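> Turn this into a model:
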Amino acid sequence: MKLTKADLIPYQEYQKLHEKFLKEVIQEKKVLRVNISDKMSGLFETKLTVFYQIQEMIRAEQITNDTYINEMLEVYNDLLPEKNELSMTLFIEIPVQEELRAFNKTIVGIENHVQLLFDDTVVTSYEPDSEEEKDEKYTQSVHYLHFPFTNEQKEQFLNSEQVRLKVNHPNYQAETELSKELIQKLQEQLAKN
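Model prediction:
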């Protein structure tokens, strides 16, 4: 499921294909983005969304150095789900900086309090290599979450017609129902993985 250097398109060639990929990614993100509340949204990650981020970095900075490209692959591949997982980037979106800082102080540990709910099942997020422990007074505005499924949970999810995304932090709660189109996309992704 991870991207390799062989998956990438050289800088000069990608320049010609940029518009094509931009249109594809815009369509993909329309389905994958979920509005959780007036303060938070999420973007479920796929190979295409991560591929596009890497290619855009290469294009913007005109990168041709293999060492740097391999470092980018290592960093960005962490956004992709592992076996029996889904992954999502969680965005805390409060435009006024003072309000954002104040809110982020109240939701430390949020990365372990986002849930997918389906049938009678709850799958709770985690953030690989989370550095929250270093500063327990403040959290970041972007989190790279993974949702790990057991084999049984995976089978249930693949057959679920209704899925909710819930933030269940002691200091903040919000919940939204995922669209049928998004559920189908996530089911396809989880089935492959």
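> Quick one: the strands in this structure, in order.
Taking DSSP state E as the criterion, the chain carries its strands at 33-35, 40-44, 85-92, 114-118, 121-124, 142-148, 164-169, 172-177.
> So for the fifth one, what gets flagged as buried?
Okay, so that is strand 121-124. Residues of strand 121-124 classed as buried: 121, 123 (neighbour count, 16 or more other CB atoms under 10 Å). The way it works is simple: take the backbone N, C-alpha and C, and place the C-beta from them, glycine included.
> Make sure residue 42 is actually in contact with residue 165.
Yes: with contact defined as CB atoms under 8 Å, residue 42 reaches residue 165; the gap is 6.7 Å.
> list residues touching both of those two?
Counting by CB atoms under 8 Å, 6 or more residues apart in numbering, the residues touching both residue 42 and residue 165 are 34, 36, 114.
> What's the separation between the second one and residue 113?
Residue 36 sits 12 Å away from residue 113 when distances are taken as CB to CB, to the nearest Å.
> repeat for the first one
When CB to CB is the yardstick, residue 34 and residue 113 sit 16 Å from each other.
> Can I get the longest helix along the chain in CSV, CA atoms only?
When the chain is parsed with DSSP state H, its longest helix is helix 11-32. Taking C-alpha atoms only, helix 11-32 is exported to CSV below (Å, rounded to 0.1, in the frame of the first residue of the first chain):
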residue,chain,number,x,y,z
TYR,A,11,9.6,16.4,-12.2
GLN,A,12,9.7,17.4,-15.9
GLU,A,13,7.1,14.8,-16.9
TYR,A,14,4.8,15.6,-14.0
GLN,A,15,4.8,19.3,-15.0
LYS,A,16,2.9,18.2,-18.2
LEU,A,17,0.4,16.0,-16.2
HIS,A,18,-0.1,18.4,-13.3
GLU,A,19,-3.6,19.6,-14.4
LYS,A,20,-4.8,16.1,-14.9
PHE,A,21,-3.8,15.0,-11.4
LEU,A,22,-5.2,18.2,-9.9
LYS,A,23,-8.6,17.5,-11.3
GLU,A,24,-8.5,13.8,-10.1
VAL,A,25,-7.5,14.8,-6.6
ILE,A,26,-10.1,17.6,-6.3
GLN,A,27,-12.8,15.0,-7.2
GLU,A,28,-11.3,12.4,-4.8
LYS,A,29,-11.1,14.9,-1.9
LYS,A,30,-14.7,16.0,-2.4
VAL,A,31,-15.7,12.5,-1.4
LEU,A,32,-13.0,12.0,1.2
